[in-house]
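A.B. asks: here is the input, now give the coordinates:
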Amino acid sequence: MSNLFDESSLAMIPTAYKEDKLYSLRSTDGSGDFTFSRGSNLAATRVDVNGLIEKGRENLATYSNDFSNGTWAKSNLSVASSNGAWEVTDNTTSGSHYIFWGGTTPASSVVTLSIEAKAGSVDYLVMRLGGFTYAFFNLSNGTLGSVNGAFIDAKIEATSDGFYKCSATINTPSSGNATAFYPTDNSSSVSYTGTGAVAITIKDAQLEKGLVASDVISTTTTSVSAGILEDMPRLDYSGGASCPSLLLEPQRTNLLPHSEYFVGFTTTATNVASNTGISPEGVQNASSVIETTATSSRRILPSSPFTGTANTYYNLSVYVKKISGQPTRHIYWLCQLGADAIYAHFDMDNFTLHQKNTNGNGSNVEADIIPVGNDWYRLTMSGIVSTASGGDYYNQLYFEDTPRTGFNGQSYTGNGTSGFELYGWQIEQGSYPTSYIPTYGTSQTRSGDNANPIDVSSLGVTTGYTLFFEIGENDLDSTTWLIQRNSGGTFLYQQYGHTAILNILSGFVYPFGLPSGRNKVAIVFDGTNIYPFLNGVKQGTYVASDDWASFGDLNLNNNPVKVNWKQLLVFPTALTDSECIALTTIA
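C.D. replies: This is a model prediction of the structure:
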């Protein structure tokens, strides 16, 4: 393979990327690099090299470490820069002393405010977020004081040099709510008599969507993003892969307004708490759902249904983890419109699908349970909820004491301790699940991953060439394509379920099966004939049409389907049969 690699003119093996560009290892002059566009938001995620979900992040607080700027209004205090932080000196007034950010907090959104602070002449920092909602942090011993009940969570964690990172999370009722920090000398009131000395020292304010504070992102005049940015190529390590693949997916919308905050969901005989466990992100933003001791069926479901359309596929997915050390509960997942429904029962002892079925006018149900590491599993279910009508579709997660079958939830007596951790609930229109789309109060749309075409006319192609690619899991359909060579040559067309038919379109169609999972494909053109190879086996010899003689540009699917691209190489010569067999054989 290494010698063949040296013969290639273009080699896209996903390794290095920057902003909207994926670098090819060949050619080295940049002509083989792919550029991408995906949209204008941070709805995309990937699985990183550590096997954790990585999101886009944004610090909405401008001048995050410049509290002298006019964006930060000051009352009864002054600030002065000191070693990368800011000393806050109060005056001797009796009353409240504060720093007030003049920006706008997002409406109807879960947000977290954080800052690092150190005690001075007073011991407490007070954080205000969402109207008159306060959290008190003791900077002398690193403990929480009083916390207003409107906050979802509040934390104080030691960092370095006597600083503590203080954070508080709230589901904001409206935009424009006050974001402010107060020094104080007590644990219950923002009012005190100032000392005229350095009351506290602060640095690195951050306001972001989500249930937890993330690593600091510095800002000046505008908000700043980090992580998986709008147009960044997604190098994905799903399934424990040691080498990444380029993840390209179609546009999808998570219809569920809250994918991580479940306290407002409707529950029966269960209790919900936020930020109780480490999620597939690797941070403490998973929720626990614990059964009560009532004798009842028990469930959790979004407080409002989603509007579904008849004869339309929907896919539901959620990450679950058993509560450690407690008797196992199993899961029954139901999506219904009256008596029309798709449903699945999951055995959480053996982590297998116990039953999938439909009721009434439901059809085409599929379900799966997928390990994602650290005892987490992603449950998925898809199908047509109703072939008869659309309307309010309810998706409900039930607990079961044993894996059961059938359409209705079952009653049993709970123990008050068993249950699950939940994270990343998603509802999307489509017959298969795509990567996680986080939501914090409103539905979010991840635009399709579009790779712009590159000009390969200078790659030395004369009378023959070879195109090689390797892909992982994919979900094609009958209207989309993977690779386009010029404007008239299109490869890898149409798939039903997970068994694709590879078509080479140039006036002729030469089909052969593309199995589920990892595949290596080589297409050889020797000036007269086409020779396709799949996973180490030659698929035949076919006479090429005239347009195969030209190879002007190369385009990955611009009407995206779900594909994990592992390699894409172009050779300026027609490789031999033995070379193609070696190239496409999966070890």
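A.B. asks: domains of the protein?
C.D. replies: 2-38+450-584, 72-225, 252-446 (automatic domain parsing).
A.B. asks: possible to save these as TSV with mean neighbour count and distance to Thr62?
C.D. replies: For glycine as for every other residue, the C-beta is placed from the backbone atoms N, C-alpha and C. Listed next are those as TSV, based on neighbours: other C-beta atoms under 10 Å; distance: least, C-beta to C-beta, whole Å:
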stretch	mean neighbour count	distance to Thr62
domain 2-38+450-584	18	22
domain 72-225	19	5
domain 252-446	19	20
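A.B. asks: so for Leu52, which of the ones you listed sits nearest?
C.D. replies: Closest of the domains of the chain to Leu52 is domain 252-446, at 4.2 Å (criterion: C-beta to C-beta).
A.B. asks: what's Cys580 sitting at in phi/psi?
C.D. replies: phi -70, psi -40 (degrees, to the nearest 10).
A.B. asks: so it sits right up against Gln539, yeah?
C.D. replies: No - counting by C-beta atoms under 8 Å, Cys580 does not reach Gln539; the two are 10.4 Å apart.
A.B. asks: find the residues that touch each one of those two.
C.D. replies: 531, 533 (C-beta atoms under 8 Å, 6 or more residues apart in numbering).
A.B. asks: picking up where we left off before, for Gly240, which of the domains of the chain is the nearest?
C.D. replies: Closest to Gly240 of the domains of the chain, according to C-beta to C-beta: domain 252-446, at 7.1 Å.
A.B. asks: okay, and Ile99 sits in which element?
C.D. replies: strand 98-101 (DSSP states H and E).
A.B. asks: quick check: what element follows that strand along the chain?
C.D. replies: For strand 98-101, the following helix or strand on the C-terminal side (DSSP H and E) is strand 110-119.
A.B. asks: where do the helices of this structure begin and end?
C.D. replies: 2-7, 577-584 (DSSP state H).
A.B. asks: compare the mean pLDDT across these and name the weakest.
C.D. replies: Between these, the lowest average pLDDT goes to helix 2-7, which shows a mean of 72.
A.B. asks: chain center to that one: distance?
C.D. replies: Centroid displacement of helix 2-7 relative to its chain, using C-alpha atoms, centre = their mean, to the nearest Å, is 36 Å.
A.B. asks: the bottom helix or strand of the chain by mean pLDDT?
C.D. replies: strand 495-496 (a mean of 36; mean pLDDT, DSSP states H and E).
A.B. asks: which one of the domains of the chain lies closest to Arg46?
C.D. replies: Nearest to Arg46, of these and by C-beta to C-beta, is domain 252-446 at 6.8 Å.
A.B. asks: the closest one: end-to-end distance?
C.D. replies: End-to-end distance for domain 252-446, by C-alpha to C-alpha, to the nearest Å: 6 Å.
A.B. asks: show me the shaky parts of the stretch 351-500 of the chain.
C.D. replies: Within the stretch 351-500 of the chain, the ranges that satisfy pLDDT under 70 run 458-459, 474-500.
A.B. asks: can we see that at 90?
C.D. replies: 408-409, 431-432, 448-467, 469-500 (pLDDT under 90).
A.B. asks: same deal with the stretch 101-250 of the chain?
C.D. replies: Judged by pLDDT under 90, the stretch 101-250 of the chain has its weakly predicted residues at 104-108, 129-133, 148-150, 172-178, 239-243, 246, 248-250.
A.B. asks: how does it look with 70?
C.D. replies: For the stretch 101-250 of the chain, the ranges with pLDDT under 70 are 174-177.
A.B. asks: for it, just list every one of the strands.
C.D. replies: Along the stretch 101-250 of the chain, counting by DSSP state E, counting those that start in this stretch, strands occupy 110-119, 124-129, 134-138, 143-147, 151-158, 164-171, 179-184, 191-193, 198-209, 224-227, 234-236, 245-248.
A.B. asks: now tabulate those in JSON lines and tack on distance to Gly102.
C.D. replies: Converted to JSON lines, the strands of the stretch 101-250 of the chain look like this (distance: least, C-beta to C-beta, whole Å):
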{"stretch": "strand 110-119", "distance to Gly102": "14"}
{"stretch": "strand 124-129", "distance to Gly102": "14"}
{"stretch": "strand 134-138", "distance to Gly102": "19"}
{"stretch": "strand 143-147", "distance to Gly102": "25"}
{"stretch": "strand 151-158", "distance to Gly102": "22"}
{"stretch": "strand 164-171", "distance to Gly102": "19"}
{"stretch": "strand 179-184", "distance to Gly102": "9"}
{"stretch": "strand 191-193", "distance to Gly102": "23"}
{"stretch": "strand 198-209", "distance to Gly102": "12"}
{"stretch": "strand 224-227", "distance to Gly102": "17"}
{"stretch": "strand 234-236", "distance to Gly102": "35"}
{"stretch": "strand 245-248", "distance to Gly102": "39"}
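A.B. asks: out of the ones you listed, flag the one nearest Thr104.
C.D. replies: strand 179-184 (9.1 Å).
A.B. asks: which residues touch the closest one?
C.D. replies: 61, 77, 88, 90, 96-101, 103, 105, 113, 115, 117, 120, 122, 124-129, 136, 190-192, 199-200, 202, 205, 207.
A.B. asks: try it again with 6 Å
C.D. replies: Identification of contacts with strand 179-184 by C-beta atoms under 6 Å, 6 or more residues apart in numbering yields 88, 97-101, 105, 122, 124, 126, 128-129, 190, 192, 199-200.
A.B. asks: pull the contacting residues for the residue of the chain positioned farthest from its centre.
C.D. replies: If you look at how far each residue of the chain sits from its centre, by C-alpha atoms, centre = their mean, the farthest one is Thr92, at 49.1 Å. By C-beta under 6 Å, 6+ apart, the residues touching Thr92 are 194, 196.
A.B. asks: next, it: phi, psi?
C.D. replies: Main-chain dihedrals, Thr92, degrees, to the nearest 10: phi -90, psi 10.
A.B. asks: for the remainder of this discussion, apply numbering that starts at 8.
C.D. replies: All set: I'll call the first residue 8, so the last point we hit is now Thr99.
A.B. asks: against Ser89, how distant is it?
C.D. replies: From Thr99 across to Ser89, the span is 21 Å (C-beta to C-beta, to the nearest Å).
A.B. asks: and if you look at Gly534?
C.D. replies: Distance from Gly534 to Ser89, by C-beta to C-beta: 73 Å.
A.B. asks: one step back: which one of the contacts of strand 186-191 is nearest to Val372?
C.D. replies: Nearest to Val372 out of the contacts of strand 186-191 is Thr112 (C-beta to C-beta; 41.6 Å).
A.B. asks: wouldn't the closest one be in contact with Pro180 here?
C.D. replies: No - contact status for Thr112 versus Pro180: not in contact, 10.1 Å apart, counting by C-beta atoms under 6 Å.
A.B. asks: how about Ser174, what does it touch?
C.D. replies: 119, 121, 162, 220.
A.B. asks: and which of those residues is nearest Asp40?
C.D. replies: Asp40 lies nearest to Ala220 out of those, by C-beta to C-beta, at 35.5 Å.
A.B. asks: wait, the closest one sits on Leu120?
C.D. replies: No - with contact defined as C-beta under 6 Å, Ala220 does not reach Leu120; the gap is 8.0 Å.
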